[in-house]
Every structure is written in C-alpha cells, then in structure tokens.
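> here is a sequence together with a model predicted from it:
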Amino acid sequence: MTPSALPTAAPSAIELHHVARRFVTPSGDVLSALEDFDLAVAPGEFSAIVGPTGCGKSTTLGLIAGLAKPQAGRVTLFDAPVAGVDRRVGFVFQQDAVFPWRDVLHNVMAGPLFRGVGKQQAEAEARDWIARVGLKGFEHHHPHQLSGGMRKRVALAQTFINKPQVLLMDEPFSALDVQTRELMQEELLQLWAEAKSAVLFVTHDLDEAILLADRVAVLTTRPARVKSVHSIDLPRPRDVATLRYDERFIAIARNINDDLREEVLRARAGQ
Ligand SMILES: Nc1ncnc2c1ncn2[C@@H]1O[C@H](COP(=O)(O)OP(=O)(O)OP(=O)(O)O)[C@@H](O)[C@H]1O
C-alpha cells in the first residue's frame, strides 16, 4: 500500500499538504528535513509514524504543534492553518514534562487552572484523573518519589485532563522498561478510546506502532516524505501483551519492516 497521504474523511484533524521544512546549519548550508510532505489524520484516529533516525519525525510534530512554520506547503488543524500553540493540542514527549517542585495533584491541576477553571473544580478533576491512571494515594508525592512509569502516568493525566482533540506523542515510552512500557501502552489505548482524540505517535519501535495505531506511515530518509501508509486491520480492544504473537500481527510487521528497512539502509549508506 503506497498512497502518499492517509486517506481520511474531511475535515482532517491534522493535515500537512506539500510541506517543506528546511534549516540553515551553523556552517551556512541548507538542511532539508521535510520536502513535499503529505499526511492526514482523521478526528479520533490513532496514527503512528516510523522512519530512520534523524529523518524528520520530531520536526513534523513541531510544525503541527505550532512551534515552527514550514517554508512551503500548508499545515492545518480541522481545516484551519496552524497559527502558534493551540489549546486543542496536547503533547507527551520522551522526557517527563512534569514540574519537579509540584506534587502529583498540583501537576495534574496545572492545566485546568491555566485554562481558568476554579481551584475546587480543578482539584476535583485532577483527583479523578489521578485515580483513572492508577495513582490514587500518591496525590502528595513529588515526581522524584515516583518511578519512571508512575511519572509517565502523571504526564498522561496532565495531558488527558485537558481533553485534547489532537494528541502529539514523541517516543513517550522509549525510556521505560519493557513491562512498564506494555502497561503504559495498554493504558494509553484505554484513555484514547474514551477521549477519542486524534493521535500522532512517533516511535522507533515498529511493533509499538502496529500495536497501537489504526494506520502506520513510514517516512523516507531525509528529506522525509511519506513513503507508504499501512492500515492496521487488527480488532480492538487490543491486548498488547499477546497481540505481537498473533499471526496477523506478524504478517503486518514483516510487510512494514521491509519498507522501513529499505529506508534505514538508505540512511546508513548516506551517512
Ligand atoms: N533547529 C534545527 N536546526 C538545524 N537542524 C535541525 C534543527 N532541528 C532539526 N534539525 C535537523 O533536521 C533533521 C530532522 O530532525 P528530527 O529531530 O526531526 O529527526 P527525527 O526523525 O525526529 O530523529 P530521531 O529519530 O533521531 O529522533 C535532523 O538532521 C536534524 O539534525
């Protein structure tokens, strides 16, 4: 399957159309990260992108997040051009974005308070979300008193409490051990099924992309374009602990891996 964009019903939650993003390096050369880049994510859809290291995955998220502008093309959220940071968009990155000096409760309350929600209601919402991510009893712990997986749960509560319509995730679980990672993947799928956000999930781990996503886009080596998009027709809800042993999963993984490997080898040859 090799359409250049994810085919979605209009309007897309996220759309990049013929996008180019170039950087000027310290030596004055132009580095082209994305060229003619097309991608669309439908409302409520879980999409993942995989590609060789350094190909432009984080750059793509940065454009959607409104942290940078493309040199060419269009980046839209629900058909409107991205114009700076948008409150409908949530982020979860590899590094914890929790405030180290605040306890769990005040970390999770931060979003609603920032949006102008009253203190009492913000606290009630935060306590609810803390319970939903399995951290009841840890409200007054500070981040340094939590494990990596628990801090990730705080980050998820902090993000989902804002009911993002679009959720950008940049290798959010890559620093976790395998078992914790699996638990977090399962929790993410449950939260997403309720929140119905459009998710764009960047990962180096093809298995993770297939376990989680409705579609997986493979990027080319730099300058990145969308090389292929694969629909993941595995039923939901998915059991991430066992699905990877399913024959259908293995067949999908083998197919996408052929595509990805070609780009990884090209990237290596160009280094
Ligand atoms: N601000 C910047 N100035 C110059 N070059 C940049 C800048 N940001 C990113 N780049 C370059 O753009 C390319 C794409 O970077 P990006 O971080 O998007 O890749 P990635 O696919 O997310 O990488 P990885 O898989 O290693 O996380 C890289 O070559 C990087 O060095």
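Nice, thanks for sending it over.
> give me the domain ranges for the chain.
Here the domain parsing of the chain from automatic domain parsing is 14-88+164-270, 100-162.
> out of the ones you listed, nearest to the ligand?
domain 14-88+164-270 (3.3 Å; Cβ to the nearest ligand atom). (Glycine included, C-beta is placed from N, CA and C.)
> end-to-end on that closest one?
The straight-line separation of the ends of domain 14-88+164-270 (Cα to Cα, to the nearest Å) is 31 Å.
> chain center to it: distance?
7 Å (Cα atoms, centre = their mean, to the nearest Å).
> right, is it up against the ligand?
Yes. Domain 14-88+164-270 lies within reach of the ligand by Cβ under 6 Å from any ligand atom, at 23, 25, 31, 33, 51, 53-59, 222.
> the stretch 151-271 of the chain: helices as residue ranges?
Using DSSP state H, counting those that start in this stretch, the helices found in the stretch 151-271 of the chain span residues 178-195, 206-212, 240-243, 247-270.
> where exactly do the strands run in the chain?
14-24, 30-41, 46-50, 72-77, 80-81, 89-93, 166-170, 198-202, 215-219, 226-231 (DSSP state E).
> a markdown table for those strands, including mean neighbour count?
Shown next, in a markdown table, are those (neighbours: other Cβ atoms under 10 Å):
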| stretch | mean neighbour count |
| --- | --- |
| strand 14-24 | 19 |
| strand 30-41 | 20 |
| strand 46-50 | 25 |
| strand 72-77 | 18 |
| strand 80-81 | 10 |
| strand 89-93 | 21 |
| strand 166-170 | 23 |
| strand 198-202 | 25 |
| strand 215-219 | 26 |
| strand 226-231 | 19 |
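> among these, show the one with the smallest mean pLDDT.
Ranked by mean pLDDT, these bottom out at strand 89-93, which scores a mean of 91.
> ok, that one near the ligand or not?
No. Applying Cβ under 6 Å from any ligand atom, one finds strand 89-93 separated from the ligand by no less than 10.8 Å.
> given that strand, what are its sheet partners and their directions?
strand 166-170 (parallel) (DSSP bridges).
> can you dump the C-alpha atoms of the partner strand in CSV for me?
Taking Å, rounded to 0.1, in the frame of the first residue of the first chain, the C-alpha atoms of strand 166-170 are listed here in CSV:
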residue,chain,number,x,y,z
VAL,A,166,-5.3,16.3,18.9
LEU,A,167,-2.5,14.5,20.8
LEU,A,168,1.1,14.5,19.7
MET,A,169,3.4,11.9,21.2
ASP,A,170,7.1,11.8,20.6
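> need the contact list for the nearest residue in space to residue 151 that is not next to it in sequence.
Leaving aside its chain neighbours, residue 151 sits nearest to residue 96 (4.7 Å; criterion: Cβ to Cβ, 6 or more residues apart in numbering). Shown in contact with residue 96 (Cβ atoms under 8 Å, 6 or more residues apart in numbering): 143, 151-152, 154-155.
> try residue 13
41-45, 77-78, 165-166, 198.
> closest to residue 255 out of those residues?
residue 45 (20.3 Å; Cβ to Cβ).
> backbone torsions only: list them for that closest one.
phi -90, psi 150 (degrees, to the nearest 10).
> check what pLDDT residue 8 gets.
The model's pLDDT for residue 8 equals 48.
> just the buried ones from the residues of domain 14-88+164-270 next to the ligand, in ChimeraX syntax?
A single ChimeraX command selects the buried members of the residues of domain 14-88+164-270 next to the ligand (16 or more other Cβ atoms under 10 Å):
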select :33,51,55,56,57,58,59,222
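> adding distance to residue 13, write the residues of domain 14-88+164-270 next to the ligand out as CSV.
Formatted as CSV, these follow (distance: Cβ to Cβ, whole Å):
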residue, distance to residue 13
23, 27
25, 33
31, 29
33, 23
51, 21
53, 27
54, 27
55, 23
56, 20
57, 18
58, 19
59, 19
222, 26
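> the stretch 1-150 of the chain: helices as residue ranges?
Under DSSP H, counting those that start in this stretch, the stretch 1-150 of the chain gives helices at 57-64, 104-114, 119-132, 148-160.
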